[in-house]
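Enquirer: 3D model of this:
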Amino acid sequence: MAGAIVCAGGVTADSMECIGCRLSVRMTAVEYLLPDAPTCDLAYHALDIRMGNRYARGIDMATETKRMFDLHCDTLDRLCGAAEGKPFNEADGEIDPALLSDLESNVADISLERMEGARWCQCFGVFMPDELRGPAATGFFDRIYGFFLRQMERHDRHIVQVRDAAGIDRAFAEDKHAALLTVEGGSVLAGDLGRIELLVERGVRIMSMTWNGPNELASGNATMRGLTRTGRMAIPALEEAGIIIDVSHLNDTGFWELAHLVQRPIVATHSNSRAVCDHPRNLTDDQFAFIVECGGLVGINFCKEFLVHGISDPKPDHLLQHVDHLLNRDGEDVLALGSDYDGADLPSWLAPCDKMLDLHDLLAHEFGDEIARKICFGNAYAFLERECGEA
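Expert: Next comes the predicted model:
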């Protein structure tokens, strides 16, 4: 028979849910009874201890450590550029490269030092500039990927590359952060769909079709062109390979062309609500509804320009408006975080990355602990568990 965990809320064997809080519970053939537990959290805690399953909630109950899952940053390009004397942006050219070239300690938005205090799964995106084609594109990816590998090796006591939810579990069990490799920009393929296999071998699990401009697959939000013939062919190839398609940056024409072709859930790793802030990088309500319907995921972007117009330092309420709007459109199991750290101008209260823990508290205050845990970790983890079986 299916096992059951009994807590104050009560767990039904049929629904596999806590009646009190509606959180799903992982079951085994073993039944654990906790008749005296005052809260369902204690049931999870007991499950953690007895089954080693510490990752079903947004907090490790044994340590009360917050867990964070960020779907997008540009930290790899920024640090690699500094290390190689090729600044990621003009401002970085004025910074001592020694302060901006290593993941452990730096003045960028993301560092291992700043991740302390939480268990963290960070999607590290390889940002592909629009203009790169052919060997220039493949060589660029190889350079950033090589930097990523060297950083993983140098700091292997603190962070490890993962490919799936099981890998996150193992990393956290070893008291390490998890690094998930992604790609921002379809130019990484250089027009050759055979390169998808190489991305899989290197552990890429998410790939966006575009950045802002055109490439061999599609066009970004700075244009109105849709998918190319190669782009239409790439969709089933990516899905078959197990690479999740990211629609952030894709323009409206391309989004809906893609929507009619996909057979698997899609993600928008770092996009907000266009109804709240009218910017082409944000999702319309119809686009968000499609992502909800297909079982996808949307990461809230911290970029000032995508939060609100005309305010130099957006306030917490500006981000909360996006969250509230999307939650009211069936987004409770869809919303996640997609910070855009090291790739955008961010509000002062959200950067650097250690301030994301304050965001967790803010979301809990406004929407409750359960929703905060889902947005900050649980939804992205559950999505990865569904879509990326153990690699």
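Enquirer: drop to CA atoms for contacts and neighbour counts, all remaining ones
Expert: Fine.
Enquirer: ok but G146 is inside a helix, no?
Expert: Yes. Assignment of G146 by DSSP: H, G, I helix; E, B strand; the rest coil places it within a helix.
Enquirer: From G139, how far out is it?
Expert: Distance of G146 to G139, given as CA to CA, to the nearest Å: 10 Å.
Enquirer: what does stretch 262-278 rub up against?
Expert: Residues outside stretch 262-278 that contact it (CA atoms under 8 Å, 6 or more residues apart in numbering): 71-72, 235-236, 239, 244-248, 280-285, 291, 294-301, 306-309, 321-322, 325-326, 337-340.
Enquirer: List the buried residues of that stretch.
Expert: 262, 264-274, 276-278 (16 or more other CA atoms under 10 Å).
Enquirer: do stretch 237-245 as well
Expert: Buried residues in stretch 237-245, counted by 16+ other CA under 10 Å: 237-239, 242-245.
Enquirer: can you point me to the longest strand in the chain?
Expert: strand 118-127 (DSSP state E).
Enquirer: For it, which strands pair with it and how are they oriented?
Expert: Next to strand 118-127 in the sheet, as set by DSSP bridges, lie strand 65-70 (parallel), strand 177-184 (parallel).
Enquirer: what comes into contact with that strand?
Expert: Contacts for strand 118-127 (CA under 8 Å, 6+ apart): 65-77, 141, 144-145, 168, 172, 175-185, 357.
Enquirer: what does stretch 88-103 give?
Expert: So stretch 88-103 is contacted by 77-83, 85, 87, 105-108, 110-112, 151 (CA under 8 Å, 6+ apart).
Enquirer: quick one: terminal-to-terminal distance for it?
Expert: Its first and final residues considered, stretch 88-103 spans 15 Å by CA to CA.
Enquirer: swap in stretch 330-337?
Expert: For stretch 330-337, the first-to-last residue distance is 16 Å (CA to CA).
Enquirer: tell me which residues of that stretch are tucked away?
Expert: Residues of stretch 330-337 classed as buried: 331-337 (neighbour count, 16+ other CA under 10 Å).
Enquirer: same question, stretch 163-178
Expert: By 16+ other CA under 10 Å, the buried positions in stretch 163-178 come out as 163-169, 171-172, 176-178.
Enquirer: Render the CA-only coordinates of that stretch in CSV, please.
Expert: Extracted in CSV, the C-alpha atoms of stretch 163-178 (Å, rounded to 0.1, in the frame of the first residue of the first chain):
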residue,chain,number,x,y,z
ARG,A,163,21.9,18.2,-14.7
ASP,A,164,18.6,17.3,-12.9
ALA,A,165,16.8,17.5,-9.6
ALA,A,166,18.5,14.4,-8.3
GLY,A,167,21.8,16.2,-8.8
ILE,A,168,20.5,19.1,-6.8
ASP,A,169,19.6,16.7,-4.0
ARG,A,170,23.1,15.2,-4.0
ALA,A,171,24.8,18.6,-4.0
PHE,A,172,22.7,19.9,-1.1
ALA,A,173,23.3,16.6,0.8
GLU,A,174,27.0,17.3,0.5
ASP,A,175,26.5,20.9,1.6
LYS,A,176,27.3,22.3,-1.8
HIS,A,177,25.6,24.7,-4.1
ALA,A,178,24.3,23.4,-7.5
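Enquirer: shaky segments in this structure?
Expert: Counting by pLDDT under 70, the ranges of the chain that qualify are 1-64, 390-391.
Enquirer: what ranges do the strands span in it?
Expert: Using DSSP E, strands in the chain cover 5-6, 32-33, 59-60, 65-70, 118-127, 159-162, 177-184, 204-208, 244-246, 267-268, 297-300, 335-337.
Enquirer: Let's have the ones you listed in CSV, adding distance to L258.
Expert: Formatted as CSV, those follow (distance: least, CA to CA, whole Å):
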stretch, distance to L258
strand 5-6, 42
strand 32-33, 46
strand 59-60, 36
strand 65-70, 24
strand 118-127, 21
strand 159-162, 28
strand 177-184, 17
strand 204-208, 12
strand 244-246, 10
strand 267-268, 12
strand 297-300, 16
strand 335-337, 21
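Enquirer: Out of those, flag the one nearest P347.
Expert: Across the strands of the chain, P347 has its closest neighbour in strand 297-300 (13.5 Å, CA to CA).
Enquirer: And that closest one, what does it pack against?
Expert: Here strand 297-300 touches strand 267-268, strand 335-337, helix 379-387, going by 3 or more CA pairs under 8 Å, 6 or more residues apart in numbering; DSSP states H and E.
Enquirer: So which of those is nearest D361?
Expert: Smallest distance to D361 across those (CA to CA): 13.9 Å, for strand 335-337.
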